[in-house]
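Asks: Just need the structure, nothing else, for what follows:
(chains A and B)
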Protein chains: 2
Amino acid sequence: MPPWGPDLATRLSDYSRRGKLLRGAMVSLGYALFADDPEVPQVCVDAGVAMELLQSFLLIHDDIMDQDLVRRGGPSVHAQYIDASPVGDDRERSELYGISMGICAGDVSAFMAMDVLGSLELPADRRMPILAMVSREITAVGLAQMQDVHHGYVDDADETAILRVYTYKTGRYTFSLPLSIGAMIANAQTRRIETLGALGESLGRIFQIRDDQLGIFGDTETIGKPAGSDIREDKKTLFRYHVFANDRDGRYRRLFGSDSVGADELEDLRDYLRRQGIIDRVESLVESEAAQARRLIERLQIPADRRAGLEKLLEYNLTRSV
Amino acid sequence: MPPWGPDLATRLSDYSRRGKLLRGAMVSLGYALFADDPEVPQVCVDAGVAMELLQSFLLIHDDIMDQDLVRRGGPSVHAQYIDASPVGDDRERSELYGISMGICAGDVSAFMAMDVLGSLELPADRRMPILAMVSREITAVGLAQMQDVHHGYVDDADETAILRVYTYKTGRYTFSLPLSIGAMIANAQTRRIETLGALGESLGRIFQIRDDQLGIFGDTETIGKPAGSDIREDKKTLFRYHVFANDRDGRYRRLFGSDSVGADELEDLRDYLRRQGIIDRVESLVESEAAQARRLIERLQIPADRRAGLEKLLEYNLTRSV
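Replies: Modelled structure (predicted):
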């Protein structure tokens, strides 16, 4: 085994610890819904590790695409390799070194995740469907990421494309996949795993819409980045879609992607979103997703005490302010 | 499923067709060694498709790292996305668009490969070890690629590190992995699969050393790139290692990485390699690898007629001139 492994393992471990470990935790939540024994077994922890390795893989590549040098309160992984470049005095070549090593680091993290999943302490015929599901879902995430990248370079972003990115990048990947893996470890029926998959989509769309809302209405302190930065970066959200569809004279449209959006203009935009009923419109989508989520939770037919975790998760996604 | 899929599928299919399909073919060769029925079943073809998708994944990422816009006689995949950039008039942003879409395209190709392997028509307990082996080997390839990237930025490259790159990037990945998968499909014994793995390492080291030799002694016509380009690019080969270890006054060392190496200097270097016994030294390594390969083929204990494919492969690797 080449010697870059131990160094990368340390970087990946530090990097994961700086994150929320949300996706790893979702595996245990999915397991607890269907297991008789409330104790979470080692195999869930291992699958959770694999989810976090996949998350590292995607974030590392994401940061290269977005040229983000900071992530999770520290240097992003390719930024670490830029700093470690053997040609430090040549900035341009050091950047290419960092990008190259970062691409490799992401690739290694991805296949380490598959290796961990391939070694889960489960019979082969129960491990196999987990690997198959992960392969399909990460393929879909990659395609959604292409859409998301493309959105960063164009003005036009329709509702369907935006919702598709929410569904695959946030819904199926962050919620459906790890919840389903937990349920599969607990040997849940296929019908229930499918219900959980659909539930994850709703949870993800709600999560993402709240994220977008915080990006516009949150203040610098709560959201941890400058207020209005989503507007300045022209992030393709449902709110933006509705502004572009309604604002005929372009007074508000021109704010998206403008570096100079100030506090007054931001407040103006917020007023416009309320006045035009855009907030209400998006909120009614959130409400119908929440109603759908409650129906799906019901359909799982699990005892009330086990359902509590899911209900709390839905509540958190609906009301989170950070 | 996001709409980028069909477009990428066409690109990947065209891209694979332009290649040698060597790794895909190795699966069938590995199968034929141990199968009673000489006909290659569909499952080998499917596994071969997965090998070619993995190869596309690695090449796409490789070309981003090396900033290569041409591959397999056409535009590399990220170059295709640079050309398709929606901000075509802005070269710098178009390059980032191409790099970003290329990273995604590679990632998607990697997980499509895993999806194909996860759907192989084999019982789960026989499919599972194939996915586990692929995960481990591609992790190792990623780490070897980090070493290879690093070699592109430093002067120092020792024999061990160079041979490690040959072993993992060419040996285990190009030969051991697909040959072993074919053997696993044919239900070969573990002991024989391990022997095949070791054989692949020798085959790969021979293949790579011949490649390096062609890079120095081949002419523009046979190698399909300008004569001496490996020298100008300062490719970290065993020949280079021995030149750096022997050439005290730096007369030949200075040629490596120099843009201006001409035909006369190249001929001088070739003379030096012969005179100093470097050619002989590397050739004796090739001979010992070939002897090892022959012993391993023997150890497989397969009938002579089935062995012919492997012997031809060894012969090809030893004598190839393109």
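Asks: By average pLDDT, which secondary structure element in chain A comes out worst?
Replies: helix A:220-223 (a mean of 76; mean pLDDT, DSSP states H and E).
Asks: other SSEs contacting that one?
Replies: helix A:190-217 (3 or more C-beta pairs under 8 Å, 6 or more residues apart in numbering or on different chains; DSSP states H and E). Where you see a C-beta, it was placed from the backbone N, CA and C, and this is true even at glycine.
Asks: in the stretch 201-322 of chain A, which spans are helices?
Replies: A:220-223, A:229-232, A:238-246, A:263-275, A:278-299, A:304-319 (DSSP state H, counting those that start in this stretch).
Asks: of those, which approaches B:Arg232 most closely?
Replies: Smallest distance to B:Arg232 across these (C-beta to C-beta): 44.6 Å, for helix A:229-232.
Asks: For the closest one, buried residues please.
Replies: Neighbour counts over helix A:229-232 (16 or more other C-beta atoms under 10 Å in any protein chain shown) mark A:230-232 as buried.
Asks: Turn the residues you listed into CSV, columns for pLDDT and distance to chain B.
Replies: Output for the buried residues of helix A:229-232, formatted as CSV (pLDDT from 0 to 100; distance: C-beta to the nearest C-beta, whole Å):
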residue, pLDDT, distance to chain B
A:Asp230, 91, 19
A:Ile231, 94, 20
A:Arg232, 93, 17
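Asks: Dump these into JSON lines; add distance to B:Gly218 as well.
Replies: Shown next, in JSON lines, are the buried residues of helix A:229-232 (distance: C-beta to C-beta, whole Å):
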{"residue": "A:Asp230", "distance to B:Gly218": "55"}
{"residue": "A:Ile231", "distance to B:Gly218": "57"}
{"residue": "A:Arg232", "distance to B:Gly218": "54"}
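Asks: Determine how far the least confident helix or strand of chain A lies from the middle of the whole chain.
Replies: In this view, helix A:220-223 has its centroid 19 Å away from the chain centroid, taken as C-alpha atoms, centre = their mean, to the nearest Å.
Asks: Please apply the same query to stretch A:43-53.
Replies: 16 Å.
Asks: Kindly report the same for stretch A:103-115.
Replies: Worked out by C-alpha atoms, centre = their mean, stretch A:103-115 lies 18 Å from the chain centre.
Asks: Report the rounded mean pLDDT for that stretch.
Replies: The pLDDT scores in stretch A:103-115 average 98.
Asks: now the spatially closest residue to A:Leu22 that is not a sequence neighbour, what's its secondary structure?
Replies: Counting by C-beta to C-beta, 6 or more residues apart in numbering or on different chains, A:Leu22 lies nearest to A:Thr174, which is 6.8 Å off, once chain neighbours are set aside. Using DSSP: H, G, I helix; E, B strand; the rest coil, the structure places A:Thr174 in helix.
Asks: which ones are touching A:Thr174?
Replies: Contact analysis of A:Thr174 by C-beta atoms under 8 Å, 6 or more residues apart in numbering or on different chains lists A:22-23, A:26, A:200, A:204, A:207.
Asks: any idea how far it lies from A:Asp211?
Replies: Per C-beta to C-beta, to the nearest Å, A:Thr174 is found 11 Å from A:Asp211.
Asks: Okay, now the unreliable bits of chain A?
Replies: A:1-2, A:322 (pLDDT under 70).
Asks: which one in it is furthest away from the centre?
Replies: A:Asp89 (35.8 Å; C-alpha atoms, centre = their mean).
Asks: nearest residue to the residue positioned nearest the centre of chain A other than its sequence neighbours?
Replies: What sits nearest the mean C-alpha location of chain A, by C-alpha atoms, centre = their mean, is A:Thr170, with 4.3 Å. Counting by C-beta to C-beta, 6+ apart, A:Thr170 lies nearest to A:Gly204, which is 3.8 Å off, once chain neighbours are set aside.
Asks: So that neighbour is in contact with A:Gly171, correct?
Replies: Yes. Between A:Gly204 and A:Gly171 there is a contact at 2.6 Å, judged by C-beta atoms under 8 Å.
Asks: Settle it for me: which of the two has more neighbours?
Replies: Each of A:Gly204 and A:Gly171 has its neighbours counted (other C-beta atoms under 10 Å in any protein chain shown); A:Gly171 has more, 28 against 23.
Asks: which residues does the more buried one contact?
Replies: A:200-205, A:207-208.
Asks: Adding distance to B:Asp83, write the residues you listed out as JSON lines.
Replies: Listed next are those as JSON lines, based on distance: C-beta to C-beta, whole Å:
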{"residue": "A:Gly200", "distance to B:Asp83": "37"}
{"residue": "A:Glu201", "distance to B:Asp83": "35"}
{"residue": "A:Ser202", "distance to B:Asp83": "39"}
{"residue": "A:Leu203", "distance to B:Asp83": "39"}
{"residue": "A:Gly204", "distance to B:Asp83": "33"}
{"residue": "A:Arg205", "distance to B:Asp83": "34"}
{"residue": "A:Phe207", "distance to B:Asp83": "36"}
{"residue": "A:Gln208", "distance to B:Asp83": "32"}
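Asks: which one among the residues you listed gets closest to chain B?
Replies: When those are compared for distance to chain B (C-beta to the nearest C-beta), A:Glu201 wins out at 13.4 Å.
Asks: how many other residues sit next to the closest one?
Replies: Count around A:Glu201 with other C-beta under 10 Å applied: 22.
Asks: In this structure it contacts A:Ser176, no?
Replies: Yes. Between A:Glu201 and A:Ser176 there is a contact at 6.1 Å, judged by C-beta under 8 Å.
Asks: if we can go back for a sec, against B:Ile193, how distant is the residue nearest to A:Thr170?
Replies: Using C-beta to C-beta, one gets 42 Å for the distance from A:Gly204 to B:Ile193.
Asks: Cool, thanks, signing off.
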